[in-house]
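J.: 3D model of this:
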Amino acid sequence: QKIIIESGLDWSSICLYTPYSGTTLHKKLNAQKRLTHTNYPRDWALYNYTNVLYKPKIMTSQELTDFFINSSITFYSEKNVKKMLLRTIWNLKSLRKTYYLYLWIVNHWQSLKNFKVVKRFFILCQILYK
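T.: Predicted coordinates:
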């Protein structure tokens, strides 16, 4: 968590390995008998980068799920989103490019649109660019 936050990245997505059928990862985990959700097409809904679909080697599935959830809560906190937004404006040197990036981000992470800093930024950009 700390490494991602302190990395200086403008934005990052946190997701879990998703062993899609036909991929090298799927073949490897299948050969090791570590896949846990292989009832297709019923299980396809779980293949969305947010579910543990295999038996991890060094922890339980629940521990990995808990780590993923806690990391997401920390990384996508309002405080960190504010830092990333300001860093993005600084790095891109463009409110317009940052605005378009954050339109995409909010489309994918709906909860972020409720953050005051994101709301204020969108209002500013809508005034400037309409």
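J.: from here on, just use CA atoms for contacts and neighbour counts.
T.: Noted.
J.: buried set for the least confident helix or strand in the chain by mean pLDDT?
T.: Within the chain, no helix or strand scores below helix 2-6, which has a mean of 74 by mean pLDDT, DSSP states H and E. For helix 2-6, a neighbour-count test (16 or more other CA atoms under 10 Å) marks Ile5 as buried.
J.: ok, and what's touching it?
T.: Contact with helix 2-6 is made by 12, 75, 80, as judged by CA atoms under 8 Å, 6 or more residues apart in numbering.
J.: so how far is that helix off the chain centroid?
T.: Relative to its parent chain, helix 2-6 has a centroid offset of 14 Å by CA atoms, centre = their mean, to the nearest Å.
J.: same check, this time on stretch 48-62
T.: Worked out by CA atoms, centre = their mean, stretch 48-62 lies 16 Å from the chain centre.
J.: average model confidence for that stretch?
T.: Stretch 48-62 shows a mean pLDDT of 94.
J.: in it, what's buried?
T.: Result for stretch 48-62 [16+ other CA under 10 Å]: buried residues 51-55, 61.
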